[in-house]
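> Take this sequence and fold it.
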Amino acid sequence: MTVIDFRTYPVQTEEFFERSPEARAAVRDVFGFYCATQPLTTLIHQLDEAGVDQTVLSTLDCTSAHGTVIARNESIAELVEQGNGRLLGFASVDPSAADAAERLRTAVEQLGLAGLNLDPALQSFSFADDAVLDLFAAADELQIPVTVQMGLNWAPIARTGASRPTDLEEIVQRHPELDVVIAHCAWPWVDEALAMAIKYRNILLDTAVLWGGRPESSVRRVFAEQIGTDVVEASLRDQIVFASDYPRVDPKRVARGIRMLELRPLTEQRILGGNAERIMNRKGNR
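Numbers count the residues shown, from 1 in each chain. Here you go, the predicted model:
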C-alpha cells in the first residue's frame, strides 16, 4: 500500500526560497507562516518517520486578492523534480482571472502537475463566478482532483466564514465525475461537509483537522465523535483522504491519529493512500 499525504506546502523549504526569495513576504504576510527554513531532505525525513511514501505539494495564487502568489506553479514542478519520486504537485491559479482555466491547462499539460488547490478565504472568490465555473469545468476536462480549503483558516488575513460546503453543490452537480476534496472537513461545519459527502460520491473529506490540543485528538474528535467510525466504515471509506497540512502539522501525528481510530484494515488503507491514488489516476479508474 502506498501512503500519500494529500496536502503539504513548501513554505519552509530552503530550496524553494533559494529560487524564489520574493516569496518570503507572501508566506509571512498572506499565508501566515513564520518558522525558519529547512532543507527539502528534512521534509523527506519527516515523511519517512510518518511512514508516508509520497506527499502532494500545494500552493495558492492570490494575485487578485492580495497581489501575490505563495509559490509559482513552476516552483512546485521544480521541487517535484528534486523529490526522487516522493513528491507530487498540485497547481493553483488565480480563480478570478479571465484566463484561469487556460493557466490550469498549462500547469497540468506542460508542468505535469496533478491537481488544483483553491482557498476561497485567501483568494476571495465566489463559486458562482463565471471564471470559477470555467475553472472547475477545465479541471473536469483534465480529469484532475480539486482541493478546496474550507472551515477554520489559520492565515491571519483569511475570513474563516468565506465559504461553506454547500457552496459547492452546483459545481458537483454539473460535474459528477470531478473529485472535489473538502479540506479540514470544513471544521466547524463538519455536519454540512458530511451531508455533502453522503449525497455526492465525488465529494471527499480530508483529515487535516487541528484547532487546538494534539492533532491526534482533533482527528478523533471529528471522525470518531462527530461523524462516527460506523459512518466512516459504512458510507465514507472511499471518500476520505489523509492530509496533514504540513508544515502547520506534523504528518506523523495525523497518520497516528488515523491509525488510532482502529478502523478496519481495508478502510484505513483507503484513507491513508488508496483513495488518493484513485482520484489522481482518474483516467485509469473510471
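
> Next one: residue 286, what pLDDT does it get?
On the pLDDT scale, residue 286 is placed at 32.

> let me fix that: residue 266
pLDDT at residue 266 comes out at 98.

> so where does it fall, helix or strand?
If you go by DSSP states H and E, residue 266 is part of helix 265-269.

> elements contacting the next helix or strand along the chain from that helix?
Sequence order places helix 275-279 as the next helix or strand after helix 265-269, per DSSP H and E. Applying 3 or more CB pairs under 8 Å, 6 or more residues apart in numbering; DSSP states H and E, we find helix 275-279 packed against strand 4-8, strand 240-241. For glycine as for every other residue, the C-beta is placed from the backbone atoms N, C-alpha and C.

> Which SSE is immediately downstream of the last one?
Spelled out, that is strand 240-241. The helix or strand immediately downstream of strand 240-241 is helix 251-259, counting by DSSP H and E.

> Ok, the first one next?
Downstream of strand 4-8, the first helix or strand assigned by DSSP H and E is helix 14-19.

> How far away from the center of its chain is that following helix?
Remark: helix 14-19 is offset 22 Å from the chain centroid, using CA atoms, centre = their mean, to the nearest Å.

> Distance check, the nearest residue to residue 231 once chain neighbours are set aside against residue 242.
If the residues on either side of it in the chain are set aside, residue 231 comes closest to residue 194, at 7.6 Å by CB to CB, 6 or more residues apart in numbering. Separation of residue 194 from residue 242 (CB to CB, to the nearest Å) stands at 18 Å.

> Same question for residue 111.
Distance from residue 111 to residue 242, counting by CB to CB: 25 Å.

> Repeat that for residue 145.
14 Å.

> And for residue 191?
From residue 191 to residue 242 the distance is 22 Å (CB to CB).

> out of these two, which sits in the busier spot?
residue 242 (29 against 13; other CB atoms under 10 Å).

> Run through who's touching the longest helix along the chain.
Longest helix in the chain, counting residues (DSSP state H): helix 130-142. For helix 130-142, contacts defined as CB atoms under 8 Å, 6 or more residues apart in numbering pick out 93, 95-98, 100-102, 104-105, 108-109, 116, 125-127, 145-146, 171, 174-175, 177-178.

> same thing but 7 Å
With contacts defined as CB atoms under 7 Å, 6 or more residues apart in numbering, helix 130-142 is touched by 93, 95-98, 100-101, 104-105, 108, 116, 125-126, 146, 171, 175, 177-178.

> Count the neighbours of the residue nearest to residue 264 when sequence neighbours are not counted for me.
Leaving out its chain neighbours, the residue that sits closest to residue 264 by CB to CB, 6+ apart is residue 233, at 6.2 Å. Using other CB under 10 Å as the criterion, residue 233 is surrounded by 14 other residues.

> Residue 233 looks like it's in a helix, true?
Yes - assessed by DSSP: H, G, I helix; E, B strand; the rest coil, residue 233 belongs to a helix.

> Isn't it up against residue 267?
Yes - Residue 233 is in contact with residue 267 according to CB atoms under 7 Å; the separation is 5.7 Å.

> Let me see the contact set for the residue nearest to residue 264.
Counting by CB under 7 Å, 6+ apart, residue 233 makes contact with 263, 264, 267.

> and of those, the nearest to residue 198?
Lowest distance from residue 198 to the contacts of residue 233 (CB to CB) belongs to residue 267, with 16.1 Å.

> Report pLDDT for the residue nearest to the closest one when sequence neighbours are not counted.
Leaving aside its chain neighbours, residue 267 sits nearest to residue 237 (4.4 Å; criterion: CB to CB, 6+ apart). pLDDT recorded at residue 237 is 98.
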